[in-house]
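Engineer: Got a predicted structure plus its sequence, pasted below:
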Amino acid sequence: MKRSKLGILAVVPVLMAAGALGTMTPAAAAGDTGTGSAFGIHVTLAGTDVIPKTPSVTLPVNGTPPQTATTIPVTIPSLLTSGTLNAATSSANFSAANEAVTSSGGTESLNITAVTTPLLVVQAVNSTCTSNAAGSTGSSTIVGLQAGGQTIPIPSGVNVPLALPSQVSSLLSISVNNQTGTTTAGSTGITVDALKVTLLSALPGLSSGAVITVGESQCGVSGPDIVPGGSPIVTGLAPTSGPTTGGTVVTITGSGFSGTPTVDFGGTPATNVTVVSPTEITATSPAGSAGSVPVTVVDNGATSPTGPADVFTYTTGGPVPPPPTITGITPTSGSPGGGNTVTIVGTNLCNALQVLFGSTEAPNWTVSVDCTTLTVTVPPGSGTVPVTVVTAGGPANSPVDYTYIQPGYWMGASDGGVFSFGGAQYYGSMGGHPLNQPIVSMADTPDHKGYWLFAADGGVFAFGDATFFGSVPGVLVPAGRTLNAPIVAAEATPDGQGYRMFAGDGGVFDFGDAQFVGSLPGLGVTPVKPVVAATSDPLGQGYWLVAGDGGIFSFGSAPFEGSLGGKALNAPIVSMSSTPAGQGYWLFASDGGVFNFGNAVLYGSMGGKPLNKPIAFGVATTTGNGYWLFGSDGGVFTFGDAPFEGSLGSLVLNQPIVTGIGF
């Protein structure tokens, strides 16, 4: 079978347990009270439920803890396939008199298929709404939407219809970010539908005219503090000046901001208007003439009065770059000697003047064409330090720090024994404890202060600062189900707030914040040889699966860089590891052979050399300039910049080494 990159053509349900809603008796409300609800999928026909709102959560009033619901048992027509349905609501008193309500609803995947033709495929749909005494706001996110096999861009705006390919537009009409809301004396509310699909023709299981609503959140607040009407008021601008060419991102502060306002600079509409909160709007200034103009906000038919606080001055000269932001870095640690690559993700990162690790400047970096990603070479250092990017628009700090750690590695045995070397610390093991199935994989937290062990049946054991997010038996056993194939590999997400497990048939199981982007059973693909290993790309938004014959299957943002499928191998592939930039990978065979693809560099192998025991796994260093090979007897072989920190080669083990981690 020829291997090639496989796109997402269908969706396999992500298996998660149904959430239970507890009964809470809150204290009596003091002031405004709020309610919220959310659901994943709802289908109606002529106003009658075909699929009820599932799940639905109702929020008790006044300061109760957040509530969530997660469910998969839902009877749906053969037309629809859905992944995990999620709904969540939360509330918090932000003052003695007011209630704030936030709800979000969505589904992790959706597939609408007519017979065998995928009409609509979506990776993730989510809506969020917020209501308080000042009003209501909402937003939607839709990821990976395809119609008729074509990727459909998601436009900005409210109640926006999508332009669809002709073969789909005759069957479906689709609109996104549908919002309806009202504010009257004593109450304000909003309903946000992330995705609304109307059937224009009868399809399997549903009649023409059926409306499929995906990801709805509803928020409402009632009480004496809610007063309708009145003009929006502008009390400040930051910055208060910008070039005549426009393009300045201006933060407008004031009150009475809600819905979908417009912003004018001297009568010229601004672009990229975003309501951050009832007291804050951001907007991009249009081009204008040198001099001062009033900035006005038009909201719900009312215009803000002008005054000295809303004056913006156009100046001659070049544009002022917008300030940068950083949303995350990966990895978050490395060796004291530096030299490894860190990926910084954010916005407005072009023309970086400095990238600082603490007070030490990085020696070099490159930036993506869309200014959202910096690939940085880490300077030498010690301890835990902040990461800062400085551009002409100002500085930005990473939300997480970077930690310099002495290199090291762990090895894990099939009985759950853990052996630590170098900078890798021991946090516990399952050695000596009874296991239902043997351990097959291991993953660590971003700060290397904890790790998970994963068993063949999908059992999960957490140690150190690793958090338990769920297990496969915890989902399947209550439902009376079993795995189609055993778990063979696992990976943690870059932030350590989730993990995914991979089965021998290419099935994928996500927990925590791990994102599902496809699986082999979902594509109807059976590999020639079972999947034996897998690894995620550096940002955790895609992954590769590798079969024992070296066939590669890529999903999400993980690029296909080549495979060994169809080639004769001296020994089967047992492990794989990706480069720091995620543009290449190594495959490791049981005889110590190493195969490199993309920007992965070959630093040597044990192929053709005598081994006491077969190689169990291999892993690259954080710099990507070397790798370790680990034998099933605990022998260690180093290549490139991978340091030797010790081995188990001279010890008698209760069970063979099957997994491990290096950094």
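Structural biologist: Thanks, I have the structure now.
Engineer: Quick check: mean pLDDT of stretch 559-575?
Structural biologist: Averaging pLDDT along stretch 559-575 gives 91.
Engineer: Looking at this structure, name the residue that lies furthest from the middle.
Structural biologist: The centre of the chain is farthest from one residue, residue 291, which by Cα atoms, centre = their mean lies 44.2 Å away.
Engineer: In which helix or strand does the residue nearest to it when sequence neighbours are not counted reside?
Structural biologist: With sequence-adjacent residues excluded and distances taken as Cβ to Cβ, 6 or more residues apart in numbering, residue 291 is closest to residue 314, at 5.9 Å. For the C-beta atoms, the positions are set from N, CA and C on the backbone; glycine is no exception. In this structure, residue 314 is located in strand 311-315 according to DSSP states H and E.
Engineer: Excluding chain neighbours, what is closest to residue 52?
Structural biologist: For residue 52, ignoring the flanking residues on the chain, the nearest one in space by Cβ to Cβ, 6+ apart is residue 42 at 7.0 Å.
Engineer: Next up, the contacts around that neighbour.
Structural biologist: Contacts for residue 42 (Cβ atoms under 8 Å, 6 or more residues apart in numbering) come out as 49, 51, 52, 53, 54, 212, 213, 216.
Engineer: Please indicate which of these are buried?
Structural biologist: Neighbour counting over the contacts of residue 42 (16 or more other Cβ atoms under 10 Å) leaves 51, 53, 54, 212, 213, 216 as the buried ones.
Engineer: Of those, which is the nearest to residue 574?
Structural biologist: Residue 574 has its nearest neighbour among the buried ones among the contacts of residue 42 in residue 54, at 42.3 Å by Cβ to Cβ.
Engineer: In this structure the residue nearest to residue 291 contacts residue 290, no?
Structural biologist: Yes. If you go by Cβ atoms under 8 Å, residue 314 and residue 290 touch, sitting 5.2 Å apart.
Engineer: ok, back up a step: could you dump the contacts of residue 42 into TSV with distance to residue 133 added?
Structural biologist: Supplementary listing: the contacts of residue 42 in TSV, determined by distance: Cβ to Cβ, whole Å:
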residue	distance to residue 133
49	33
51	34
52	31
53	27
54	31
212	34
213	28
216	23
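Engineer: quick one: least confident of those?
Structural biologist: residue 54 (66).
Engineer: I'd like to know how far the residue most central in space within the chain sits from residue 493.
Structural biologist: The centre of the chain sits closest to residue 515, judged by Cα atoms, centre = their mean, with a distance of 5.7 Å. For residue 515, the distance to residue 493 (Cβ to Cβ, to the nearest Å) stands at 8 Å.
Engineer: Could you do residue 345 as well?
Structural biologist: Distance, residue 345 to residue 493, using Cβ to Cβ: 14 Å.
Engineer: Same check on residue 399?
Structural biologist: Distance of residue 399 to residue 493, given as Cβ to Cβ: 15 Å.
Engineer: Looking at these two, which is more packed in?
Structural biologist: The residue with more neighbours, out of residue 399 and residue 493, is residue 493; 23 against 14, by other Cβ atoms under 10 Å.
Engineer: which stretches of the stretch 451-600 of the chain form strands?
Structural biologist: Listed in chain order, the strands of the stretch 451-600 of the chain (DSSP state E, counting those that start in this stretch) span 460-464, 487-492, 498-503, 508-512, 531-536, 542-547, 552-556, 573-578, 584-589, 594-598.
Engineer: Turn the ones you listed into a markdown table, including distance to residue 307.
Structural biologist: Listed next are the strands of the stretch 451-600 of the chain as a markdown table, based on distance: least, Cβ to Cβ, whole Å:
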| stretch | distance to residue 307 |
| --- | --- |
| strand 460-464 | 57 |
| strand 487-492 | 53 |
| strand 498-503 | 49 |
| strand 508-512 | 49 |
| strand 531-536 | 53 |
| strand 542-547 | 51 |
| strand 552-556 | 50 |
| strand 573-578 | 56 |
| strand 584-589 | 58 |
| strand 594-598 | 59 |
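Engineer: For residue 101, find the nearest of these.
Structural biologist: Within the strands of the stretch 451-600 of the chain, the stretch nearest residue 101 is strand 508-512; the backing value is 25.4 Å (Cβ to Cβ).
Engineer: hang on, the earlier thing: ignoring the adjacent residues along the chain, who's closest to the residue nearest to the centre of the chain?
Structural biologist: Leaving aside its sequence neighbours, residue 515 sits nearest to residue 541 (Cβ to Cβ, 6+ apart; 6.2 Å).
Engineer: so how many other residues sit close to that neighbour?
Structural biologist: By other Cβ under 10 Å, 17 other residues sit near residue 541.
Engineer: Then the one 4 residues further on?
Structural biologist: Summarising burial for residue 545: neighbours were counted as other Cβ under 10 Å, giving 29.
Engineer: Kindly report the same for residue 455.
Structural biologist: Neighbourhood size, residue 455 [other Cβ under 10 Å]: 25.
Engineer: Identify the bridge partners of it.
Structural biologist: residue 439 (DSSP bridges).
Engineer: was I right about it contacting residue 436?
Structural biologist: Yes. With contacts counted by Cβ under 8 Å, residue 455 reaches residue 436, the gap being 6.8 Å.
Engineer: Could I get the full set of helices for the stretch 101-250 of the chain?
Structural biologist: With helices called from DSSP state H, counting those that start in this stretch, the stretch 101-250 of the chain shows them at 166-169.
Engineer: Tell me which residues touch the closest residue to residue 537 other than its chain neighbours, please.
Structural biologist: In this structure, residue 537 finds its nearest non-sequential neighbour in residue 582, 3.9 Å apart by Cβ to Cβ, 6+ apart. Contacts for residue 582 (Cβ under 8 Å, 6+ apart) come out as 537, 538, 539, 542, 557, 558, 559.
Engineer: and with 10 Å instead?
Structural biologist: For residue 582, the contact set (Cβ atoms under 10 Å, 6 or more residues apart in numbering) comprises 330, 343, 535-542, 544, 557-559, 561, 598-599.
Engineer: sorry, back to before: sort out which residues of the next helix or strand after the strand holding residue 314 are buried, please.
Structural biologist: Counting by DSSP H and E, the next helix or strand C-terminal to strand 311-315 is strand 325-330. Along strand 325-330, these residues count as buried under the neighbour rule (16+ other Cβ under 10 Å): 325, 326, 328, 329, 330.
Engineer: same for strand 325-330, what does it pack against?
Structural biologist: With contacts defined as 3 or more Cβ pairs under 10 Å, 6 or more residues apart in numbering; DSSP states H and E, strand 325-330 has these neighbours: strand 341-347, strand 373-377, strand 387-391, strand 394-397.
Engineer: For it, which strands pair with it and how are they oriented?
Structural biologist: Assessed with DSSP bridges, strand 325-330 is paired to strand 341-347 (antiparallel).
Engineer: as a whole number, average confidence for the partner strand?
Structural biologist: Averaged across strand 341-347, pLDDT comes to 90.
Engineer: Counting neighbours, which bits of that strand end up buried?
Structural biologist: 341, 342, 343, 344, 345, 346.
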